[in-house]
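Enquirer: pasting the sequence and the predicted model now:
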Amino acid sequence: MIQKFADLKLVKYEKYGVIRLEPLGKELGKSLLDRHNLVEEFLELISVKKALLETTEKLEHAIDDEVYLGLKNLINFFKDNPDILEKYKKYK
């Protein structure tokens, strides 16, 4: 598998040695972490507590870019409008 990642220019490695992320690998990793964190933040926003990690893992792989962008915009809207977020929290 590491060889496949190396072929894709995601990692650099020596057999039985250190594995280092290439710039493209770092970029991809950051993108995947951002996606995970955004889905988790959304689920927390809607008060999902039970199996939060498992639900996050399932959703982050199931949503497409359009849904991701919609979630991101919604979360940013609430961050930019804390008064509306407080009103929403009353419905929980």
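Expert: That came through fine.
Enquirer: just the strands in this structure please.
Expert: Under the criterion DSSP state E, strands of the chain are mapped to 11-13, 19-21.
Enquirer: give me the neighbour count for residue 71.
Expert: Here the number of neighbours of residue 71 (other CB atoms under 10 Å) works out to 19. C-beta coordinates here come from the backbone N, C-alpha and C atoms, glycine included.
Enquirer: ok, it to residue 42 distance?
Expert: Using CB to CB, to the nearest Å, residue 71 is found at 5 Å from residue 42.
Enquirer: just residue 7 next, same as before
Expert: Counting by CB to CB, the gap between residue 7 and residue 42 amounts to 34 Å.
Enquirer: same question for residue 70.
Expert: Distance of residue 70 to residue 42, computed by CB to CB: 10 Å.
Enquirer: for residue 61, same thing?
Expert: 15 Å.
Enquirer: more neighbours: which of those two?
Expert: Just comparing residue 61 and residue 42: by other CB under 10 Å the higher neighbour count belongs to residue 42, 20 against 11.
Enquirer: from memory the more buried one sits against residue 76, does it?
Expert: No: assessed by CB atoms under 8 Å, residue 42 is found out of contact with residue 76, at 11.2 Å.
Enquirer: restrict stretch 5-21 to CA atoms and write it as CSV.
Expert: Output of stretch 5-21 as CSV, limited to C-alpha atoms (Å, rounded to 0.1, in the frame of the first residue of the first chain):
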residue,chain,number,x,y,z
PHE,A,5,0.9,6.0,-2.1
ALA,A,6,4.5,6.6,-3.3
ASP,A,7,3.4,6.1,-6.9
LEU,A,8,0.7,8.7,-6.3
LYS,A,9,3.3,11.1,-4.9
LEU,A,10,1.6,11.1,-1.5
VAL,A,11,4.5,9.7,0.5
LYS,A,12,8.3,9.3,0.2
TYR,A,13,9.8,6.2,1.8
GLU,A,14,12.7,3.8,1.9
LYS,A,15,12.0,0.1,2.3
TYR,A,16,11.9,-0.6,6.1
GLY,A,17,12.7,3.0,6.7
VAL,A,18,11.0,6.3,7.5
ILE,A,19,7.8,7.2,5.7
ARG,A,20,7.3,11.0,5.0
LEU,A,21,4.4,12.8,3.5
